[in-house]
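Chemist: need a 3D model of the sequence below.
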Amino acid sequence: MEKINFSVEINASKEHVWQILWNDATYRQWTSAFSEASHAVTDNWKEGTKVLFLDGNGAGMVSRIAVNRPFEYMSFEHLGEVKDGVEDTTSERVKPWSGSHENYTLTELNGMTTVDIEMDINKEFKDMFEQLWPKALAKLKEIAEK
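Modeler: Predicted coordinates:
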C-alpha cells in the first residue's frame, strides 16, 4: 500500500468548500468523475459511523468515518466493498486494502481554500485514481466557485 496525494486551490471559504464536499446534491456532482451516479449513504457524516460509497448499481465501498472535524479534516477508513447489495469486509479480495484511509484536509488563507487529499492505494488502482482525482477536484472547484 502506498499513499497518493492530490490538491486543489479554490477561491472560496473553507466553510463553503466543506458544504460542497459533503452536501448530498453537490457530493453527487463532483464525485461523478469517479462514477456517473456516485453517491454516499451516511448518517449525516457523523464520526464513527458507517458510510457506503456507491455507484448507480449499488456497488462500491463500505467505510467508517474515522475523523470528522468540520471545515478542517475528514478521514475515512475503508473496510470493504459492497457488491449486489452485500457488504464484504472479510474476504481475501478486500483484505489487502481493508483499513486503508482517505483523508481530506482544508486550509484557508486569504479567502482561498486548499483541499489536500491523501489516499492509501494498492498499485492496481493507482493509475485509475491518478487520472480520476484531478477530474473530480476540477469539478469540485467549478461548483464551489460558482
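
Chemist: quick one, strands of this structure?
Modeler: 2-10, 39-42, 50-54, 60-69, 73-83, 86-88, 100-109, 112-121 (DSSP state E).

Chemist: excluding its backbone neighbours, what's nearest residue 48?
Modeler: residue 65 (6.4 Å; Cβ to Cβ, 6 or more residues apart in numbering). Every C-beta, even on glycine, is put in place using the N, C-alpha and C of the backbone.

Chemist: residues contacting the spatially most central residue of the chain?
Modeler: Most central in the chain under Cα atoms, centre = their mean is residue 102, positioned 6.5 Å from the mean C-alpha point. Residue 102 sits next to 63, 75-76, 78, 117-120 when contact means Cβ atoms under 8 Å, 6 or more residues apart in numbering.

Chemist: give me that answer again for 6 Å
Modeler: 76, 119 (Cβ atoms under 6 Å, 6 or more residues apart in numbering).

Chemist: adjust the sequence numbering to begin at 294 for everything that follows.
Modeler: Got it, the first residue is 294 from now on, which makes the last one we talked about residue 395.

Chemist: list the beta-bridge partners for it.
Modeler: residue 369, residue 412 (DSSP bridges).

Chemist: repeat for the one 4 residues further on
Modeler: Partner residues in beta bridges with residue 399, using DSSP bridges, are residue 408.

Chemist: quick check: it touching residue 307?
Modeler: Yes. Using Cβ atoms under 6 Å, residue 399 is in contact with residue 307, at 4.4 Å.
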